[in-house]
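In: model this:
(one chain, ligands or ions: 1)
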Amino acid sequence: MKTITCDICKRTITQPVVERDYFHIGHRDICESCKDQLDLVAKPVIRTKQPFNYEWYNQFVQDSIEKSIVRGKVEVR
Ligand SMILES: [Zn+2]
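Out: Residues are numbered from 1 along each chain as shown. Next comes the predicted model:
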């Protein structure tokens, strides 16, 4: 049986479906609830970024993931 572990909250997901139960971002596996939290963090920051730059966005998301892994959760301000 296939299982994956969320790199942020360490929750184990059995029979995961990518883009539904978890997301593969960079080299990290992120569960759906952590991805939702990341989106909450990213949205207000993205709104202030003009003009929008996809490379910058990817870097921002990757940085947020790495910080969240250190904390063991996504910090929502
Ligand atoms: Zn998670």
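In: Please make it C-alpha for all contacts and neighbour counts, starting now.
Out: OK.
In: E55 and Q62, how far apart?
Out: Using C-alpha to C-alpha, to the nearest Å, one gets 11 Å for the distance from E55 to Q62.
In: cool, and I4?
Out: Distance from I4 to Q62, by C-alpha to C-alpha: 19 Å.
In: Look at E55 and Q62 and report which has more neighbours.
Out: Q62 (16 against 8; other C-alpha atoms under 10 Å).
In: so what's that one scoring on pLDDT?
Out: You'll see Q62 listed with a pLDDT of 95.
In: Next, the spatially closest residue to V18 that is not a sequence neighbour: phi, psi?
Out: Closest residue to V18 in three dimensions, ignoring its sequence neighbours and counting by C-alpha to C-alpha, 6 or more residues apart in numbering: H24, at 7.3 Å. Per-residue torsions, H24: phi -100, psi 110 (degrees, to the nearest 10).
In: gap between H24 and the ion?
Out: 12 Å (C-alpha to the ion, to the nearest Å).
In: name the helices or strands packed onto the longest helix seen in the chain?
Out: Criterion DSSP state H: the longest helix present in the chain is helix 54-71. Judged by 3 or more C-alpha pairs under 8 Å, 6 or more residues apart in numbering; DSSP states H and E, helix 54-71 is in contact with helix 32-47.
In: hmm, the helix it packs on touching the ion?
Out: Yes - using C-alpha under 5 Å from the ion, helix 32-47 reaches the ion at C34.
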